[in-house]
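**Student:** Give me a 3D structure for the following:
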Amino acid sequence: MTLPNFDNLLQKYARLITETGVNVQKGQTIVLQIAVDQAPLARAITEEAYKLGAGEVIVQWTDDALQKQFLTHAEQKYLEAIPSYKVDQINDWIEREVSRINIVSSNPNALAGVNPERVALYQAVSGKSMLELRKMTQANKISWVVAAASGADWAAMVFPDLASKEEQVDALWDQIFKTTRVYEEDPVAAWEKHDKLLTSKAGELNKEQFTALHYTAPGTDLTIGLPENHIWEGPGSHNAHGDLFMANMPTEEVFTAPDSRRVDGYISSTRPLSYAGTTISGMKFTFKDGQVIDFSAEKGQEVLERLLATDDGAKRLGEVALVPDPSPISQSGLVFYNTLFDENASNHLALGSAYAFNIQNGTSMSEEELVAAGLNRSQTHVDFMVGSAQMNIDGIKKDGTTVPVFRNGDWA
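**Tutor:** As a prediction, this is how the structure comes out:
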């Protein structure tokens, strides 16, 4: 690693993830999911978590190559059922209200060449086994954070013109540190300031309580209904015990839940989507009464079909997020092929489940009550990017009047 002062920066990053990301509390169990080639960051996160008082840190190692071997060669019966010990583990996490740290670093095309039907089958089964934990996460009952680390194959996709793997990995680490404010003297204080700024934007939108948003751009003319008493959120969230945490690092968005029954028109994606180990690009969706009735992709059409077939909720929207085009990630000019970064360069939407906390009293509602309020329920939640410097968004009030929200890709 040739990035100057790298070890110190990595330790600062680990502290930021544990202190600001999941906000480790005394005695908590922390579950860290991270790739085997990111052991230095795993050790740093574990060290910082224990310094903050964690009761235990459980590290779950992942490996793209092993997963590809499994999905390619394992007998069908092992794709169709999750072993009971894994189900028991998930139930244990739920019971103990673990805080979750997920470090993404995978090659976006890690599963290229694997039969998409096998991938889709395994993801559907895994999604069912994780459903209750996903509900807890999407209701903010536990603290959680998704952050990134520089993997060699991923870095090669982002920086293909750099001469060596080492340069590519360093360049991606540099972007990760920039976008998460690690280069600041006090990254924790810098995040507090950032949180206040975006939370103020969310507050302005909450006062308006628009009944719908109207998106227009090249290839886009879409109206998205918003449920009554919807709540726009900034970066910071509070778990069931009132502890503040940051679910995504980096983040530049404010977001809410749409009314999944009131989405009409068409919209085009503006950045590639990395999903299920492949890249999907050039997507276009047509909605009627909230549901996708037509869709296409220039690349990854078959994978997109599988995604939309996950369940009925996969064909409806579960998130509406606003990100100004002048955001730092957008202005970098890079395509990261990773949703954590690309969604923070662009306005985005999500197919699948909505977050219960995006509506008043949603975290105490039953699944049936959430559906009745218009919030989508699904085993999946997949963001896709739609924003650009040419996008305009109008807020529609109950009396039919409109208020400019975005003009030419930025806050109006």
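**Student:** Buried residues of the helix or strand that residue 176 is a member of, list them for me.
**Tutor:** Here residue 176 sits within helix 165-179, counting by DSSP states H and E. If you call a residue buried by 16 or more other C-beta atoms under 10 Å, then helix 165-179 has these buried ones: 168, 169, 170, 171, 172, 173, 174, 175, 176, 177, 179. Just so you know, the C-beta spots here come from the backbone N, C-alpha and C atoms, and that holds for glycine as well.
**Student:** Take whatever helix or strand comes next after that helix, keep the C-alpha atoms, and write them as CSV.
**Tutor:** The helix or strand immediately downstream of helix 165-179 is helix 187-208, counting by DSSP H and E. Extracted in CSV, the C-alpha atoms of helix 187-208 (Å, rounded to 0.1, in the frame of the first residue of the first chain):
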residue,chain,number,x,y,z
PRO,A,187,-14.0,12.8,10.9
VAL,A,188,-16.6,12.3,13.7
ALA,A,189,-17.2,16.1,14.0
ALA,A,190,-17.3,16.4,10.2
TRP,A,191,-20.1,13.8,10.1
GLU,A,192,-22.0,15.6,12.8
LYS,A,193,-22.0,18.8,10.7
HIS,A,194,-22.9,16.9,7.5
ASP,A,195,-25.8,15.2,9.3
LYS,A,196,-27.2,18.5,10.5
LEU,A,197,-27.1,20.0,6.9
LEU,A,198,-29.0,17.1,5.3
THR,A,199,-31.4,16.8,8.3
SER,A,200,-32.4,20.4,7.7
LYS,A,201,-33.3,19.6,4.1
ALA,A,202,-35.4,16.7,5.2
GLY,A,203,-37.1,19.0,7.7
GLU,A,204,-38.1,21.4,4.9
LEU,A,205,-39.7,18.6,2.9
ASN,A,206,-41.5,17.2,6.0
LYS,A,207,-43.1,20.6,6.5
GLU,A,208,-44.4,20.6,2.9
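**Student:** low-scoring pLDDT stretches of the protein, where are they?
**Tutor:** The model of the chain has pLDDT under 70 over residues 1.
**Student:** contacting residues around the most centrally placed residue in it?
**Tutor:** Taking C-alpha atoms, centre = their mean as the criterion, residue 340 is the residue nearest the geometric centre of the chain, at 5.4 Å. Contact analysis of residue 340 by C-beta atoms under 8 Å, 6 or more residues apart in numbering lists 104, 146, 147, 148, 248, 250.
**Student:** Serialize those residues to CSV and add fields for secondary structure and neighbour count.
**Tutor:** Compiled in CSV, the contacts of residue 340 are given as follows (DSSP: H, G, I helix; E, B strand; the rest coil; neighbours: other C-beta atoms under 10 Å):
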residue, secondary structure, neighbour count
104, strand, 20
146, strand, 19
147, strand, 25
148, strand, 27
248, strand, 20
250, coil, 25
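**Student:** and which of these is nearest to residue 232?
**Tutor:** residue 248 (15.4 Å; C-beta to C-beta).
**Student:** which residues does that closest one bridge with?
**Tutor:** According to DSSP bridges, the residues that bridge with residue 248 are residue 146.
**Student:** That one contacts residue 145, doesn't it?
**Tutor:** Yes. Between residue 248 and residue 145 there is a contact under C-beta atoms under 8 Å: 7.1 Å.
**Student:** Name the helix or strand for the residue nearest to the centre of the chain, please.
**Tutor:** Using DSSP H and E, residue 340 falls in helix 339-342.
**Student:** got it, and residue 133?
**Tutor:** Assigned by DSSP H and E, residue 133 belongs to helix 131-138.
**Student:** First-to-last residue distance for stretch 10-21?
**Tutor:** End-to-end distance for stretch 10-21: 15 Å, by C-alpha to C-alpha, to the nearest Å.
**Student:** And the contacts of that stretch?
**Tutor:** Applying C-beta under 8 Å, 6+ apart, the contact partners of stretch 10-21 are 24, 30, 40-41, 44-45, 47-49, 52, 54, 101, 145, 147, 176-177, 180-182, 187-188, 191-192, 245-246, 249.
**Student:** So what's the gap between it and the chain middle?
**Tutor:** When distances are taken as C-alpha atoms, centre = their mean, to the nearest Å, stretch 10-21 is centred 19 Å away from the chain's centroid.
**Student:** cool, stretch 196-215 as well?
**Tutor:** So, by C-alpha atoms, centre = their mean, the centroid of stretch 196-215 is 20 Å from its chain's centroid.
**Student:** residues of that stretch that come out buried?
**Tutor:** So, applying 16+ other C-beta under 10 Å, buried residues of stretch 196-215: 198, 201, 202, 205, 210, 211, 212, 213, 214, 215.
**Student:** Same list (the residues you listed) but as JSON lines, adding distance to residue 262.
**Tutor:** Shown next, in JSON lines, are the buried residues of stretch 196-215 (distance: C-beta to C-beta, whole Å):
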{"residue": "198", "distance to residue 262": "26"}
{"residue": "201", "distance to residue 262": "23"}
{"residue": "202", "distance to residue 262": "21"}
{"residue": "205", "distance to residue 262": "18"}
{"residue": "210", "distance to residue 262": "12"}
{"residue": "211", "distance to residue 262": "9"}
{"residue": "212", "distance to residue 262": "7"}
{"residue": "213", "distance to residue 262": "11"}
{"residue": "214", "distance to residue 262": "12"}
{"residue": "215", "distance to residue 262": "14"}
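**Student:** quick one: the strands in the stretch 1-150 of the chain?
**Tutor:** For the stretch 1-150 of the chain, applying DSSP state E, counting those that start in this stretch gives strands covering 29-35, 56-62, 99-104, 144-148.
**Student:** Make TSV from those and add distance to residue 292 to it.
**Tutor:** Shown next, in TSV, are the strands of the stretch 1-150 of the chain (distance: least, C-beta to C-beta, whole Å):
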stretch	distance to residue 292
strand 29-35	30
strand 56-62	31
strand 99-104	26
strand 144-148	25
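**Student:** Quick one: closest of these to residue 378.
**Tutor:** The nearest among those, by C-beta to C-beta, is strand 144-148 at 18.3 Å.
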